[in-house]
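Q: Fold the following, please.
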Amino acid sequence: MRQELIAQLNRWHEEDKYQEIVDRIKETPTILIDEELATHLGRALNNLGRYKEALKWFMKTADQGKKDPLWHFRVGYAHYYLDQLQDAIREFEIAHKLDPEDEDTIQFLEWSRNEAAAADTETAEEEEEE
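A: Next comes the predicted model:
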């Protein structure tokens, strides 16, 4: 049963059926949502643009994710789209350190740094005008 569920969640992910993933996992009592299901749920929520909710589920797997570059990427991704650039940079830097070859991480890290620098410049210019 468990293996079938995970296989179904993976199929839905490949088919971009993220809401089906969320609906199926949320049928499970919260107390029974383990780290693996929480990761699937967080990933689906990220893909649906529900970043705050995704972060909540990723935080439930933080101990497991400490050395997982994909976990750090997913957390950084959520922070990036929440416009929490410093948090995104921190997570993408960790992901990059753990997996220096991942092109998505490199791209998001660059975007986050550029946007943070632009925001800092804008803030400095606004302060000068005052």
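Q: residue nearest the centroid of this structure?
A: Arg74 (2.5 Å; CA atoms, centre = their mean).
Q: my read: His40 touches Leu9, true?
A: Yes. Here His40 reaches Leu9: they are 4.9 Å apart, a contact under CB atoms under 8 Å. The C-beta positions use only the backbone N, C-alpha and C, and glycine is treated the same way.
Q: Give the residues shared as contacts by those two.
A: Counting by CB atoms under 8 Å, 6 or more residues apart in numbering, the contacts common to His40 and Leu9 are Ile21, Ile25.
Q: quick one: low-confidence parts of the protein?
A: For the chain, the stretches with pLDDT under 70 are 123-130.
Q: can you rerun that using 80?
A: The model of the chain has pLDDT under 80 over residues 120-130.
Q: for this protein, what spans make up the helices?
A: 2-14, 18-26, 35-47, 51-59, 62-65, 69-81, 85-98, 103-129 (DSSP state H).
Q: So the residue nearest to the centre of the chain is in contact with Asn46, correct?
A: Yes. Under the criterion of CB under 8 Å, Arg74 makes contact with Asn46 at 6.0 Å.
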